[in-house]
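# the following block contains a protein sequence and its predicted model.
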Amino acid sequence: MDEMETRLVRCFSSVFPDLTAEQIRSASMDSVPAWDSLAAVTLVAVLQEEFGLQINLMDLPELVSFVAVQNYVRKHKAVS
């Protein structure tokens, strides 16, 4: 696990404290009942603080899994 993935797992863990690191890495909106709209907005706030990103709320529909969030952060960290 690289540093960014470790930081992402920590972000997810703060929003979904009942999940293990393994569960987080395979998490999606479909597999985590607690991942509702409030959790999604909270996760975005945590990610913005952790990574210094500006995440447009219009991008929320694409942030539907740990892998999707990971790809999004990688893509937008490279740009910023």
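Arrived safely, thanks for sending. Residues are numbered from 1 along each chain as shown.
# please save the CA atoms from stretch 64-74 in CSV.
Listed in CSV are the C-alpha atoms of stretch 64-74, where the atom choice follows Å, rounded to 0.1, in the frame of the first residue of the first chain:
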residue,chain,number,x,y,z
VAL,A,64,-19.0,5.8,-5.9
SER,A,65,-16.3,3.5,-4.6
PHE,A,66,-12.9,3.5,-2.9
VAL,A,67,-11.2,2.7,-6.3
ALA,A,68,-13.1,5.6,-8.0
VAL,A,69,-12.2,8.0,-5.2
GLN,A,70,-8.6,6.8,-5.4
ASN,A,71,-8.5,7.4,-9.2
TYR,A,72,-10.1,10.8,-8.8
VAL,A,73,-7.5,11.9,-6.2
ARG,A,74,-4.6,10.6,-8.2
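# chain center to that stretch: distance?
6 Å (Cα atoms, centre = their mean, to the nearest Å).
# who touches that stretch?
Outside of stretch 64-74, the residues within contact range by Cβ atoms under 8 Å, 6 or more residues apart in numbering are 4-5, 8, 12, 24-30, 43, 47, 51, 53, 55, 59, 62-63. Glycine gets a C-beta too; all of them are placed from N, C-alpha and C.
# from A27, how far out is the spatially most central residue of the chain?
By Cα atoms, centre = their mean, the chain has its centre lying nearest to V69, at 4.7 Å. When distance is defined by Cβ to Cβ, to the nearest Å, V69 is 9 Å away from A27.
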